[in-house]
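A.B. asks: All I have is the shape, not the residue letters:
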RNA sequence: CGGAGAGUAGUGUAACGGCAGCACGAGUCCUUUGGGAGGAUUUAGUCCGGGUUCAAAUCCCGGCUCUCCGACCA
């Protein structure tokens, strides 16, 4: 993509009203635009990142056998009444339709997925089953904050699994944990992200969260260095000493963290109100057991930036960077222009995702500053200086070192690095 | 939802109750091209509604919005 064609421009000024680093960089670099508190547009660069995260999650979900669907956002009142959440879940956005019908925008989808799956599952032979979707959720948060870390409309992957026994549910629950670890590894935050025991909220007694430790977080956790797991502070009753839920050792140090994902064993909590039963091998009707598993995609994107940035901007992990490389042209001479256009075309032809700073009347300094701000992993510079050596200059976003590579060796160099 | 703070041009900021100014950005033209360059020129603003006053960005009342703290929370 040509940077001159990007309709969103970068901004030199820090937004006055944003405290969190991820929000500052995303706004300055033109990844997102704020419409209102907790409501954001994803601009071309931001959308590319979001789509890459989506693809990673989609792959991992499918690899554990989950089938992707897309449920509606408009959910009738009766469904919420069946589970008792019409009045209990106060983050619901409620709307009135014609004929006095009422709806809530989807804040979570048990009320849709349970009756849906019930229509098609009746025998033990139909189970286990897992379905997921990636869709915008609406929650009327009392307070939106920290840019895309806590919003009122946000993209979420929600997975629901259905089982015949607790044993089967446990097994799948473990499988999801492994898949989640793979996801966090791919997006570059696994080393800071810990399985955390937490209260279950409206869903169950306990749940597990995935907490990414960073000072930008709004949660507090105790971390066990031996077990590599954490305990949410909300679970520590007044005065009690927090203990690791695995090895039982006493924990003392508190860390701020971001809850990037949450998983629950719902068991029969939502299958019961919908009377969702299956006929087991022994001919008896039994309640289906259920689990649910969420990841907030935008929040994950924000968490990655909280971990991966420096004073100049974002440092995207390769896996979710909006582009693989940033080709920068310095200078306006005919030779430089022709050569950089040629390199741009050959990179594209070789299948590389490249953003090309072909803007004119922009000083080299400004191009470099924008490049650091946007945070593409690899920077390739073409200028009079590099052309004298028949080369381009290559620099990684997270390193200081400059490499000069002969132009006719460039594609091979990129393959091997 | 409770508490605190703030709303002036696209962004960031100034102006005692008395001419709304500056910087950056954006547009046009020229020069410049290895870490936010220089010149010329143009552009654009007091959140909304009421009140006090000869006169309101400024004082008062009401509303709206944003940010932060708390509460809440898949």
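C.D. replies: Yep, it's here. Computed from a prediction, not measured in an experiment: that's the story for all the values here.

A.B. asks: When you work out contacts or count neighbours from here on, use the C-alpha atoms and nothing else.
C.D. replies: Fine.

A.B. asks: The residue sitting nearest the centre point of chain A and residue A:320: what is the separation?
C.D. replies: When C-alpha atoms, centre = their mean is applied to chain A, the residue found nearest the centroid is residue A:297 (2.7 Å). To residue A:320, residue A:297 is 12 Å away according to C-alpha to C-alpha, to the nearest Å.

A.B. asks: With residue A:332 instead?
C.D. replies: 32 Å.

A.B. asks: So which of these two has more stuff around it?
C.D. replies: It is residue A:320, of residue A:332 and residue A:320, that has more neighbours when counted by other C-alpha atoms under 10 Å, with 24 against 16.

A.B. asks: what about whatever residue of the stretch 101-250 of chain A ends up closest to RNA strand B, how many neighbours?
C.D. replies: Using C-alpha to the nearest atom of the strand, the closest approach of the stretch 101-250 of chain A to RNA strand B is made by residue A:201 at 3.0 Å. Using other C-alpha under 10 Å, residue A:201 is surrounded by 10 other residues.

A.B. asks: Remind me which helix or strand it belongs to.
C.D. replies: Using DSSP states H and E, residue A:201 sits in no helix or strand.

A.B. asks: and it, what pLDDT?
C.D. replies: pLDDT, residue A:201: 71.

A.B. asks: okay, the residue nearest to the centre of chain A: pLDDT?
C.D. replies: On the pLDDT scale, residue A:297 is placed at 96.

A.B. asks: can you check the one 10 residues further on too?
C.D. replies: Here the pLDDT value assigned to residue A:307 is 94.

A.B. asks: wait, isn't it in contact with residue A:191?
C.D. replies: No. Residue A:307 is not in contact with residue A:191 according to C-alpha atoms under 8 Å; the separation is 10.3 Å.

A.B. asks: Neighbour count for these two, which is higher?
C.D. replies: A side-by-side neighbour count of residue A:307 and residue A:191, using other C-alpha under 10 Å, places residue A:307 first with 21 against 12.

A.B. asks: who's in contact with that one?
C.D. replies: A:189, A:214 (C-alpha atoms under 8 Å, 6 or more residues apart in numbering).

A.B. asks: Quickly note the distance from it to residue A:180.
C.D. replies: Counting by C-alpha to C-alpha, the gap from residue A:307 to residue A:180 is 18 Å.

A.B. asks: Need the residues touching each of residue A:297 and residue A:320.
C.D. replies: A:50, A:53.

A.B. asks: near RNA strand B at all, the top strand by length along chain A?
C.D. replies: Secondary structure of chain A per DSSP state E: the longest strand is strand A:254-267. Yes. Strand A:254-267 reaches RNA strand B (C-alpha under 7 Å from any atom of the strand) through A:261-262.

A.B. asks: elements contacting the helix or strand just after that strand?
C.D. replies: Following strand A:254-267 in sequence order, the next helix or strand is strand A:277-279 (DSSP H and E). Using 3 or more C-alpha pairs under 8 Å, 6 or more residues apart in numbering; DSSP states H and E as the contact test, the elements touching strand A:277-279 are strand A:285-287.

A.B. asks: Pull up the pairing partners for the strand it packs on, direction included.
C.D. replies: Counting by DSSP bridges, the strands paired with strand A:285-287 are strand A:277-279 (antiparallel).

A.B. asks: the strands in the stretch 301-417 of chain A, which residues?
C.D. replies: Under the criterion DSSP state E, counting those that start in this stretch, the stretch 301-417 of chain A contains strands at A:309-310, A:313-314, A:325-329, A:354-357, A:378-382, A:391-396, A:402-406.

A.B. asks: what would those strands look like in a markdown table with distance to RNA strand B and mean neighbour count?
C.D. replies: Formatted as a markdown table, the strands of the stretch 301-417 of chain A follow (distance: least, C-alpha to the nearest atom of the strand, whole Å; neighbours: other C-alpha atoms under 10 Å):
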| stretch | distance to RNA strand B | mean neighbour count |
| --- | --- | --- |
| strand A:309-310 | 11 | 17 |
| strand A:313-314 | 9 | 26 |
| strand A:325-329 | 8 | 26 |
| strand A:354-357 | 12 | 23 |
| strand A:378-382 | 6 | 22 |
| strand A:391-396 | 6 | 21 |
| strand A:402-406 | 8 | 15 |
